[in-house]
Structures are given as structure tokens and as C-alpha cells.
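Participant: The following block contains a protein sequence and its predicted model.
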Amino acid sequence: GAVVSQHPSWVICKSGTSVKIECRSLDFQATTMFWYRQFPKQSLMLMATSNEGSKATYEQGVEKDKFLINHASLTLSTLTVTSAHPEDSSFYICSAKSGILYEQYFGPGTRLTVT
Amino acid sequence: DAKTTQPPSMDCAEGRAANLPCNHSTISGNEYVYWYRQIHSQGPQYIIHGLKNNETNEMASLIITEDRKSSTLILPHATLRDTAVYYCIGPGGSTLGRLYFGRGTQLTVWP
């Protein structure tokens, strides 16, 4: 089956610093990748959609200058949380989709804690 | 926003069938219904999707009513590892590949 990995699986950073999270599709080419955020006891919230080689499309209310997304290749997308603050602490999950597939495949998630 | 209605929680005995309902009364003719599940602190897992015919795969069966306003996900022999939040994604919930998750159903399988 299709496998998506994320790195790191958890990270703790200080307020004001930036954190980069990687999302990789290991055995298929992901024409589209998605980034979600999930707070405790809540559902997943879609943050942005990225297509390889083009700018990400952000959902309403998501700050594009704070959450930088790069989709440089068909197997890698990165999310950088810039100037992180404690309220950015959350579970960040990516997913990947190939153009010929209906379903999305999700990574295991990255737990970010900002102190 | 996902326009689906699911019960917030359900219980099922191990080895029995788990039937998870979903109402999606505003679904249009070309919108698929997708089911995903999320085990605690993990990324969601794709289960199955369908348009109007019933579907079955190695994980589950999906029964869609003839008017397409509701569907039922069936796990034929639930195990403890099936304890998870199950998300039904329907009208407005899947646009250009994007998925908008609702609150889902917390399924608890007990021994």
C-alpha cells in the first residue's frame, strides 16, 4: 500500500523559533499533498493544499506567512512554522495523493510543542 | 464544511459486526462518499469510498442507499484494533481532492 512518512514525529521548540516538518511519499509520486492540523479532542482541520512545483493554496484563516509550505518534488513537501508560539502547539498531519487515485494517504503526524 | 451527520459514539463487541451510519442528505449526483478512520494519535487511514453502488474491500463494506442520502460502513468482524474515530466525508467534504473532516464517530470495540 501507499506509505507516507513524516519527520520528525515530535518536536519541542522555544517560542519565536521556526520549525520545519517534512512529509514524504515513499512508494508513489504525490501530485498533491495536504497539510492538516489537529488540536486535542478535535477533528482534523485542513490548512493548505500543495501541488508539486506551484504555490500552496491556503484555507481561509490560515496565515500563509506563518505556515510556509514547499512542494519541491513529487515525493516531498515541507511545512515550516515560523516564529512559533505556544498556540501553534498541535498535531500536524500531512497526506498525499496521486492524480490517478481517489484516496489520500496520511502520514503518522508530527506533534509540535512550543514552550 | 463537511455536511454529514454521524453519531458521536458507538460500541461494539469484539467479533461482532460494527455498523456505522452516516447521513449525507445534500449529496449531489457526482459526489463520492469517503470513509477514513483515525486511531488515537495516528494519522487517518483510508477505508473505502463509493458513489452509488455498494462497495467491499478487505477492510470493510460500504452500503449506500438508493437515494444516496445515507450510507453505512460495515466492519464485519470487529476487533479491538478497530477502536478508532471513523469519519464519513460526503457533500462539500471533498472538493478538488481536499478533505474536510467532521467530528466523526468514536467506535469502541470491547472484549
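Facilitator: Sure thing, it's come through.

Participant: only C-alpha atoms for contact and neighbour calcs from this point on.
Facilitator: Noted.

Participant: Close to chain A: what parts of chain B are there?
Facilitator: When proximity is defined as Cα under 8 Å from any Cα of the partner chain, chain B approaches chain A at B:41-46, B:49, B:97-104.

Participant: Just the closest of those to A:Lys97, please.
Facilitator: Closest approach between these and A:Lys97, by Cα to Cα: B:Gly97, at 8.1 Å.

Participant: How about the closest one: what's its closest non-neighbour residue?
Facilitator: A:Tyr102 (7.6 Å; Cα to Cα, 6 or more residues apart in numbering or on different chains).

Participant: doesn't that neighbour fall inside a strand?
Facilitator: No. Secondary structure of A:Tyr102 (DSSP: H, G, I helix; E, B strand; the rest coil): coil, not part of a strand.

Participant: For it, give me the pLDDT.
Facilitator: On pLDDT, A:Tyr102 comes in at 76.

Participant: again, but for A:Met45
Facilitator: Looking at A:Met45, its pLDDT stands at 94.

Participant: just B:His77 next, same as before
Facilitator: Confidence score, pLDDT, at B:His77: 96.

Participant: Count the residues that sit near it.
Facilitator: 15 (other Cα atoms under 10 Å in any protein chain shown).

Participant: Please enumerate the strands of chain A.
Facilitator: Here chain A has its strands, by DSSP state E, at A:4-7, A:10-13, A:19-25, A:32-38, A:45-51, A:57-58, A:67-73, A:76-81, A:90-97, A:105-106, A:110-114.

Participant: Can you dump the C-alpha atoms of the third one in CSV for me?
Facilitator: In other words, strand A:19-25. Written as CSV, here are the backbone C-alpha positions of strand A:19-25 (Å, rounded to 0.1, in the frame of the first residue of the first chain):
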residue,chain,number,x,y,z
VAL,A,19,10.3,24.5,12.9
LYS,A,20,10.3,22.5,9.6
ILE,A,21,8.3,19.4,9.2
GLU,A,22,8.9,17.0,6.3
CYS,A,23,6.4,14.9,4.5
ARG,A,24,7.5,12.2,2.1
SER,A,25,5.6,9.8,-0.1
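
Participant: Show residues contacting it.
Facilitator: By Cα atoms under 8 Å, 6 or more residues apart in numbering or on different chains, the list of residues contacting strand A:19-25 from outside reads A:2-8, A:13, A:74-82, A:84, A:94-96, A:107, A:110.

Participant: ok, now the first one?
Facilitator: Identification of contacts with strand A:4-7 by Cα under 8 Å, 6+ apart yields A:21-26, A:94-96, A:105-110.

Participant: now do 10 Å
Facilitator: A:20-28, A:30, A:75-78, A:92-97, A:104-110, B:43 (Cα atoms under 10 Å, 6 or more residues apart in numbering or on different chains).

Participant: Any of the residues you listed buried? List them.
Facilitator: Among the contacts of strand A:4-7, the ones that count as buried by 16 or more other Cα atoms under 10 Å in any protein chain shown are A:21-25, A:28, A:30, A:75-78, A:92-97, A:104-110, B:43.

Participant: need the strands of chain A in CSV with distance to B:Ser71, can you?
Facilitator: Formatted as CSV, the strands of chain A follow (distance: least, Cα to Cα, whole Å):
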stretch, distance to B:Ser71
strand A:4-7, 28
strand A:10-13, 36
strand A:19-25, 31
strand A:32-38, 26
strand A:45-51, 23
strand A:57-58, 31
strand A:67-73, 35
strand A:76-81, 34
strand A:90-97, 24
strand A:105-106, 22
strand A:110-114, 32
